[in-house]
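**Student:** predicted model follows, preceded by the sequence.
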Amino acid sequence: MSGPSKKVVDVAFKASRTIDWDGMAKLLVSDEARKEFATLRRAFNEVNSQLETKFSQVSLPPSLPPSL
């Protein structure tokens, strides 16, 4: 992985490490806010996981056919 794709994954990984999810969750007072926050956290984790998966896949050079 190199170039822009590596940068995207690095940024997503750093963002997930620097967000204090537990600290922010403690600040929420209503049940509705807690539910929305949990949904936001799940969505963030899902997108982060998809980015890591997408950009970690190695593609073959166009000159090489895939092996069977």
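**Tutor:** Sure, I can see it.

**Student:** and stretch 23-36, end to end?
**Tutor:** 15 Å (CA to CA, to the nearest Å).

**Student:** start at 37 instead
**Tutor:** OK, 37 is where the count begins now, so the last one is stretch 59-72.

**Student:** now do that stretch: everything it contacts.
**Tutor:** residue 73 (CB atoms under 8 Å, 6 or more residues apart in numbering). Every residue, glycine included, has its C-beta placed from N, CA and C.

**Student:** in that stretch, what's buried?
**Tutor:** When burial is assessed from 16 or more other CB atoms under 10 Å, stretch 59-72 yields no buried residues.

**Student:** show me which positions of the helix or strand hosting residue 90 end up buried.
**Tutor:** Taking DSSP states H and E as the definition, residue 90 sits inside helix 67-92. Going by neighbour count (16+ other CB under 10 Å), the buried part of helix 67-92 is 87, 91.

**Student:** average pLDDT for that helix, rounded please.
**Tutor:** In this model, helix 67-92 has a mean pLDDT of 88.
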